[in-house]
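okay, here's the prediction I keep looking at, along with the sequence it came from:
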Amino acid sequence: MPARKFFYFFYGDFIQSVLPPGDDPRRFLSHRADGVLSAVLEAGPSGLGYREACVRYSAGLVDGLIRAGLFRVETGGLRLDAPVFLREDAHALTHFLAGEIPPLAGRLEASLPALHAAVRPLNNGFDEKVNLYHLLCGAVLDGTFFDYLSSRGILAESRVHPSGLDYILTVYEDAPELNHFSNRLLCSCNRLSDGRRSLQSFGDADGERLDFYRFFNWKQAGRVPEAYRKVGQDWDAALGPAAGENPVSRILDAAEQLAAGGHCAPPFLRLLEDFGYCAGGAYCVPVYRRETEAVLQQLFTAVSGCIGEAAGELLARPGLYAALSVFPHGVSREETANELYHIVFGLLNEELAARGIAASPPYRQGEGRYLKAFFL
């Protein structure tokens, strides 16, 4: 049987420049892994022996995939150790979610006065829909509400791997039946961050976004797309070809200086313009400052009050987990729930945008749909 093809996604932020030597999971979680994963799926739990896999595909690759969290060894055989969604699972996902999203959106729509009241004091030059997109759809549903569900034991937010990296791996088969769930929902946030400040973009995963986080990883890997050669030249002009020390901090320092009304060195301003954060020497995206924390707390209180119990109950239903292909492998239910919640809040964000409650991000050819913001 021909090998299936897969997409590999990571829940957790890490950039290549700070990875332990040789421990970038992307080295192994690529098309190189597709044949091994296909064989494990075909053989079933423990049906493909570890030694047999090492002979067939090389011990280096198999051990790398175990270390990255795709497989574990049990009774001498390879089992899945991460959620993997196959084309056969599309029906179960669709059936599970049919009719569930509109009622959740309806509850939030009924709370619209409270949501508008929370963001109105921002007075940042952007309307309620844009601010709700970044703060409700992004920072709350893709942030504090995750924490809420995790605190209730419904889903996992963290998994520390032998490398010391903290991420949850999710895999989708490259299949038309699944593309809507894996690539085309508003549930993907990229952040170039130092833990306090972040230049970020939030949208779907239907393409290669031109944002700081993704470009930084391209640069570190030495594979900047030819279409972005000019951006790479501007990057080198600002940071130097080797990027120097603390490139992330240098970029964020410059971005913060400009936000504070201070001087921003021309090479860094040019970068901010290249990446679409600035135009004409000023920010053209929302800048969210520390006082936004109070707004986020109000939004979280409203969201958890009106959909908290319903969302938790939805994700706690046992029927879906037993219907998925990964179930016989004993994959963590909480890690699987992490991705199921991504699907739920991605579909919910699509519904909020369709109802005009939140902004609908524009589609950019080859990049997908997303909007950008700077969080201080």
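Received it, and whenever you're ready, just let me know what you need.

let me know the pLDDT of the residue nearest to residue 120 when sequence neighbours are not counted.
In space, residue 120 comes closest to residue 128 once its chain neighbours are excluded; the distance is 6.8 Å by C-beta to C-beta, 6 or more residues apart in numbering. All C-beta spots, glycine's among them, are computed from the backbone N, C-alpha and C. Model confidence at residue 128, given as pLDDT, is 97.

can you count the residues close to residue 128?
Per other C-beta atoms under 10 Å, the neighbour tally for residue 128 reads 20.

and residue 266, by the same measure?
Residues near residue 266, counting by other C-beta under 10 Å, number 11.

tell me how far it lies from residue 229.
Using C-beta to C-beta, to the nearest Å, residue 266 is found at 20 Å from residue 229.

now swap in residue 56 and tell me
40 Å.

now the strands for the stretch 201-350 of the chain?
278-279, 282-283, 287-288 (DSSP state E, counting those that start in this stretch).

top strand in this protein by residue count?
Counting residues, the longest strand found in the chain (DSSP state E) is strand 368-375.

tell me the mean pLDDT over that strand?
98.

so who does the residue nearest to the spatial centre of the chain touch?
Centroid-nearest residue in the chain: residue 188, 3.9 Å away (criterion: C-alpha atoms, centre = their mean). Applying C-beta atoms under 8 Å, 6 or more residues apart in numbering, we find residue 188 in contact with 202, 203, 204, 205, 370.

and for residue 121?
So residue 121 contacts residue 295 (C-beta under 8 Å, 6+ apart).

ditto for the one 5 residues further on
With contacts taken as C-beta under 8 Å, 6+ apart, residue 126 has the following neighbours: residue 286.

try residue 168
Per C-beta under 8 Å, 6+ apart, neighbours of residue 168: 10, 11, 12, 82, 156, 157, 158, 159, 335, 338.

highest neighbour count among those?
residue 82 leads these on contacts (other C-beta under 10 Å) with 26 neighbours.

now the spatially closest residue to that one that is not a sequence neighbour: how far from residue 54?
Leaving aside its sequence neighbours, residue 82 sits nearest to residue 169 (C-beta to C-beta, 6+ apart; 4.2 Å). Per C-beta to C-beta, residue 169 is found 21 Å from residue 54.

the residue nearest to residue 82: helix or strand, and which one exactly?
In this assignment (DSSP states H and E), residue 169 forms part of strand 168-173.

cheers, nothing more for now.
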